[in-house]
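[1] everything below, folded, please.
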Amino acid sequence: MPGKLNGKAPLHPLRRSSLHLTSRPTQKETLMSNVLITGSSAGIGLETAIVLARAGHTVIATMRNLERGVALRAVIERERLPISIVQMDVDSDDSVNAATSVIRAQIGHLDVLVNNAGIERTGSIEGTPLADFKAVMETNYFGALRTIQAWVPDMRQRRSGCIINITSVAGRIAPSPLAPYSASKFALEALSEVLAQEVRPFGVRVAIVQPGIIDTAMARRIEHTATDLVYPQVRRFGHMFEASLDTPTSPTIVAAKIREIIESGTATLRHPVGPDAEGFLAWRASLNDQAWVEWGALPDEAWYERVRNDFGLDARAKRGAADSASAPVVRV
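    The predicted structure is shown next:
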């Protein structure tokens, strides 16, 4: 979220420079790596599987529902890519254990684990059922933890490997109506920090990828969050997403960043990605906690004006359209 920092003019969050892909690997282990990606049926996971396979890596693309793998299968067949699709529900111990056994039998060892599977629920804390909070944490946090615990022993013993956890700028910024999602991503960020300390002596790298607003089905659902009659933050945050998505950023940019992390051998922990990510994080860091709370609690007109001034987004213009009911959440 680029802000109006130090008196500078606002920057549109989708008008920053793009990343530069590192072309020459510096670690032998990352050459032609065996890579497991969770949540590969759509969005960032799908694009990452394709980008890595085109680069020569062997990819295991996992997904909860194999019927949703139609788009990926079409690309695999058309381009003859080195991608295998394996069913795995990260919410299930049994499913993760079974898939891990299949993958070990198929490729022997894993060089890179990309924890991408995720879901969202939106709404006020008062109005969101406890079951929704549990569902998001189960997939976004415990799901990643399950796959990490399945593969860390092998990586530790081999003294080689890379674990990439996909969080979000919402893993460092907690806006209404993203309480369930932000809580899960904050938790995954903390887990990643601890994991990085534990496995560094064994030659295993940990990286956190923090996308900004990326044009995925999840982002489009947030764009159409249902109106809450009590809490205006729910409605107007959807308007801000809608304004950002008027100039969409493809998930391919996140896939390219993941490839860069794998092939460069970088030990950097956090990697904001997307034209708005660094700006969002810098803007939040420029506010003390009181200013942040006040920003989210502003009345409508003042809030829309701040969004225009801080981010260059005309979210107010989106208020004319009828608020849509939330689309059903689909797990990948």
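
[2] quick one: residue 33 and residue 58 touch, right?
    Yes - with contact defined as Cβ atoms under 8 Å, residue 33 reaches residue 58; the gap is 7.3 Å. Using the backbone N, CA and C atoms, a C-beta is placed for each residue, glycine as well.

[3] alpha carbons of the lengthiest strand in the chain, as PDB, please.
    In the chain, with assignment by DSSP state E, the single longest strand is strand 204-211. Backbone C-alpha positions of strand 204-211 (Å, rounded to 0.1, in the frame of the first residue of the first chain) are rendered in PDB as follows:
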ATOM      1  CA  VAL A 204      18.000 -25.600   4.900                       C
ATOM      2  CA  ARG A 205      16.800 -22.200   3.800                       C
ATOM      3  CA  VAL A 206      13.400 -20.700   4.700                       C
ATOM      4  CA  ALA A 207      11.800 -17.800   2.700                       C
ATOM      5  CA  ILE A 208       8.500 -15.900   3.300                       C
ATOM      6  CA  VAL A 209       6.900 -14.600   0.100                       C
ATOM      7  CA  GLN A 210       4.500 -11.600   0.800                       C
ATOM      8  CA  PRO A 211       2.300 -10.900  -2.200                       C
END
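
[4] what lies in contact with it?
    When contacts are defined by Cβ atoms under 8 Å, 6 or more residues apart in numbering, strand 204-211 is touched by residues 44, 152, 155-156, 159-169, 171-172, 188-189, 192, 195-196, 199-200, 254, 257-258, 261, 265-274, 277, 281.

[5] how about a cut-off of 7 Å?
    155-156, 161-169, 171-172, 189, 192, 195-196, 199, 254, 257-258, 261, 267, 269-274, 277 (Cβ atoms under 7 Å, 6 or more residues apart in numbering).

[6] so which bits of that strand are buried?
    204, 205, 206, 207, 208, 209, 210, 211 (16 or more other Cβ atoms under 10 Å).

[7] count the neighbours of residue 131 for me.
    Close neighbours of residue 131, defined as other Cβ atoms under 10 Å, add up to 9.

[8] now distance to residue 308 too, for the buried residues of strand 204-211, in CSV please.
    Below are those laid out as CSV (distance: Cβ to Cβ, whole Å):
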residue, distance to residue 308
204, 45
205, 41
206, 38
207, 34
208, 31
209, 29
210, 25
211, 23
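
[9] any idea how the protein splits into domains?
    As assigned by automatic domain parsing, the chain contains the domains 25-214+249-286, 218-247+288-319.

[10] how distant is the first one from the center of its chain?
    So the one you mean is domain 25-214+249-286. 7 Å (Cα atoms, centre = their mean, to the nearest Å).
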